[in-house]
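A.B. asks: Sequence isn't available, so here's the structure alone:
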Ligand code: OAD
């Protein structure tokens, strides 16, 4: 992976490049948009792999984002996610999220959002049916399988947990964890299958704001290309998926997506 720079360093896509991809958007029946942390960067949510500001540049992912890390220090992990939850709640969808949602409203059934992001900004922008590959940071779930359920009862609701860092079941001590996928854990099967179907069935895949460093999500770009789709990357920097793409648009999600998905004649394309 190449070293990231500041978004401001990178040259923007030319009008001709934007026009080509805008024509592809217009001509493609089904479109899939695979998003990563860069999608929410202009909403103020940090990415993971930016060399200076990225979360994994400042924190050890195995301590904070793995089952082993949580088992070793659940309080540390719970407090770190509490800060991330506060950041997500304070953030607002940006012009890129809004452009995708507006296109979906104007063209029902044509565009599927597949996101690696655990924030809810696609949902709050109004994107219907966004597929969440890595879970939901605002959701709670049990760390261990519920023991009452194992004895044939209903699963206890994590909302009943006694307060704490983390909250815990008053009956058995099971701890609450955030509803995200951690390193070493499988993706939610139904979500991944839906994402594979969207990748195989689209005529155009846009890959927005992801380094392409994490599998199996990154592999969806290759699935789409192999099935015959055109693949376009929107990113101010190089990514590990550049070799899979037919076109690379240099620029940010909030700057470029309104120009690609905005209504024709709305003055969005020079
Ligand atoms: P990364 O942090 O790896 O990559 C973010 C990408 O966004 C980089 O390629 C940046 O160049 C690009 N970028 C930065 N600002 C941008 C902007 N304004 N517009 C468009 N692109 C921009 O984040 P992900 O690829 O999403 O896993 O990381 C994948 C997974 O790794 C995450 O889902 C997370 C992490 O560990 C889980 O949470 C399970």
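C.D. replies: Cool, got the structure. Just so it is clear, the structure is predicted and the values come from calculations on it, not from any experiment. Numbering: from 1, shown residues only.
A.B. asks: per-residue pLDDT, residue 156?
C.D. replies: The predicted structure scores residue 156 at 88 on the pLDDT scale.
A.B. asks: Next, the closest residue to it other than its chain neighbours: phi, psi?
C.D. replies: Of all residues beyond its chain neighbours, the one nearest residue 156 is residue 146 (5.2 Å), with distances taken as Cβ to Cβ, 6 or more residues apart in numbering. Heads up, the C-betas are built off the backbone N, CA and C, glycines and all. Backbone torsions for residue 146, taken as degrees, to the nearest 10, come to phi -70, psi 130.
A.B. asks: which residues does the residue of the stretch 1-150 of the chain found nearest the ligand contact?
C.D. replies: Minimum separation of the stretch 1-150 of the chain from the ligand (Cβ to the nearest ligand atom) falls at residue 38, amounting to 2.3 Å. When contacts are counted by Cβ atoms under 8 Å, 6 or more residues apart in numbering, residue 38 is found next to 47, 208-210, 235-236, 252-253.
A.B. asks: Out of the residues you listed, which is nearest to residue 223?
C.D. replies: Within the set of the contacts of residue 38, residue 210 lies nearest residue 223; the separation is 14.6 Å, counting by Cβ to Cβ.
A.B. asks: Assess the claim that that closest one and residue 37 are in contact.
C.D. replies: Yes: Residue 210 is in contact with residue 37 according to Cβ atoms under 8 Å; the separation is 7.1 Å.
A.B. asks: joint contacts of these two?
C.D. replies: For the pair residue 210 and residue 37, residues contacting each of them under the criterion Cβ under 8 Å, 6+ apart are residue 116.
A.B. asks: Which SSE is immediately downstream of the biggest strand by length in the chain?
C.D. replies: If you go by DSSP state E, the chain has its longest strand at strand 135-142. Along the chain past strand 135-142, the next helix or strand (assigned with DSSP states H and E) turns out to be helix 147-150.
A.B. asks: gap between residue 253 and the ligand?
C.D. replies: Applying Cβ to the nearest ligand atom, to the nearest Å, the value for residue 253 to the ligand is 4 Å.
A.B. asks: Near that residue, how many other residues are there?
C.D. replies: By other Cβ atoms under 10 Å, 29 other residues sit near residue 253.
A.B. asks: check contacts around it.
C.D. replies: The neighbourhood of residue 253, defined by Cβ under 8 Å, 6+ apart, consists of 35, 38-39, 41-42, 94, 96, 208-209, 234.
A.B. asks: Drop anything exposed from these.
C.D. replies: Among these, those classed as buried by 16 or more other Cβ atoms under 10 Å are 35, 38-39, 41-42, 94, 96, 208-209, 234.
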